[in-house]
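[1] Okay, structure incoming, though there's no sequence with it:
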């Protein structure tokens, strides 16, 4: 097939026509929505084409190695062999869909919403939030600070793979987690890359990230909760962790409904009814719905996330993390070139040279482990503790 001559299309003014259509479409958005002209990049290495800046960012995220690894990252139910429960890649798609639905109704920028949603959980690590706890403890032990998956998401996209994403996308990813202020969120501007980098460091030090700099980022934060709160209950029933003998709290179901479909529907409608994207600029639930949501989170924390059936293997996972971290660090310090951290991370060609020059050995180990899928993590651990067998003769 003959290669298409894109220059010929540009000469005909197609790029200009598309840009005109984009501007016209954006003129119909809310006056508080982010527009293509607002996009701020650290390096501006991206060549202009027919895509909007936010659409280009979404494409760059999809083509990262880190995004590819979503496919085998646990959402909640690690160590459960069931093809019908939610993994990280499904959760991310649900967040994107829900957030774009909300954004469309509020006349916000759907391209920006999609980019933030697709990248928001890239920093999640093997075995879900418990894995995050294990790795954070190791990071503190080796004096490189705490570990938070939202900070790690920015680390992967901004430093390790150096995607040159816009500040608005990275900021939305950084600010997506934390639920204490879910009742009402207003954007807080970020004036410069210096201010953004300080915001990242504050998060790394354990201080809350605060609100995103755009309404679109605020929407994704709400959509994250909407996507998982009912789905986790649905999955818990699927695997037999809870059953119909344990009904949801009546004060929650009276407001939100009892099925995932009903919960999603209620939360979206309530958000649309109580948010203002035209004048003051905030995303909000009603107090009634927020109280019911808090009650549902408490139910899930008690009967799902801290269920003994789910948590009894945690001591083993903690030891796996410690063993793998110590082994990788020892390999780097000893200069072992045949180590997997060298062949699968440091010498792959996709890891930014500037990142490699600046990172300490402990930071390299942290980022190597953080990028692992559950299956790869288990395989690397087995190599650390099970002696290798030689077939017939040494090669």
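    It's in. None of the values given here were measured: they were computed from a predicted structure.

[2] Can you pull out the low-pLDDT segments for this structure?
    Along the chain, the parts satisfying pLDDT under 70 run over 1-13, 15, 46, 179-182, 209.

[3] so where do the strands sit in it?
    184-185, 283-284 (DSSP state E).

[4] Please report how far the most centrally placed residue in the chain lies from residue 24.
    In the chain, the residue lying closest to the centroid (Cα atoms, centre = their mean) is residue 121, at 1.3 Å. For residue 121, the distance to residue 24 equals 34 Å [Cβ to Cβ, to the nearest Å]. Backbone N, C-alpha and C define where each C-beta goes, glycine included.

[5] domain parsing for the chain?
    53-311, 314-385 (automatic domain parsing).

[6] hmm, back to that, now the strands of the chain in CSV, with distance to residue 56?
    Converted to CSV, the strands of the chain look like this (distance: least, Cβ to Cβ, whole Å):
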stretch, distance to residue 56
strand 184-185, 26
strand 283-284, 25
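
[7] Just say which of those strands is most tucked in.
    strand 283-284 (a mean of 25; mean count of other Cβ atoms under 10 Å).

[8] of all the strands of the chain, which lies closest to residue 356?
    Nearest to residue 356, of all these, is strand 184-185, at 36.7 Å by Cβ to Cβ.

[9] residue ranges of the helices in the stretch 251-395 of the chain, please?
    260-274, 287-300, 308-311, 314-334, 340-341, 353-358, 361-370, 374-385 (DSSP state H, counting those that start in this stretch).

[10] out of these, nearest to residue 159?
    Here helix 353-358 is closest among the helices of the stretch 251-395 of the chain (Cβ to Cβ), at 4.7 Å.

[11] can you list contacts of that closest one?
    With Cβ atoms under 8 Å, 6 or more residues apart in numbering as the contact definition, helix 353-358 has outside contacts at 159, 160, 162, 346, 364.

[12] try 10 Å this time
    155-156, 158-162, 345-347, 352, 363-364, 367 (Cβ atoms under 10 Å, 6 or more residues apart in numbering).

[13] In it, which residues are buried?
    residue 355 (16 or more other Cβ atoms under 10 Å).

[14] roughly how far is it from the heart of the chain?
    Relative to the centre of its chain, helix 353-358 is centred 23 Å away, using Cα atoms, centre = their mean, to the nearest Å.

[15] quick one: contacts for residue 330?
    Applying Cβ under 10 Å, 6+ apart, the residues near residue 330 are 336, 339, 361, 365.

[16] Against residue 23, how distant is residue 17?
    With Cβ to Cβ as the criterion, residue 17 and residue 23 are 11 Å apart.

[17] Compare the strands of the chain and give me the one nearest residue 58.
    Of all these, it is strand 283-284 that lies closest to residue 58, at 20.7 Å by Cβ to Cβ.

[18] Go through the chain and flag its longest helix.
    Longest helix of the chain, by residue count under DSSP state H: helix 215-238.

[19] Name the residues of it that come out as buried.
    Applying 16+ other Cβ under 10 Å to helix 215-238 flags 215-233, 235-236 as buried.

[20] Straight-line length of stretch 69-77, end to end?
    One end of stretch 69-77 to the other measures 17 Å (Cα to Cα, to the nearest Å).

[21] Might you report the residue contacts of the nearest residue in space to residue 221 that is not next to it in sequence?
    Closest residue in space to residue 221, ignoring its immediate chain neighbours: residue 176 at 5.0 Å, by Cβ to Cβ, 6 or more residues apart in numbering. By Cβ under 10 Å, 6+ apart, residue 176 lies in contact with 95, 99, 116-117, 119-121, 149-150, 153, 209, 212, 217-218, 220-225.

[22] Recalculate using a threshold of 6 Å.
    120, 220, 221, 224 (Cβ atoms under 6 Å, 6 or more residues apart in numbering).
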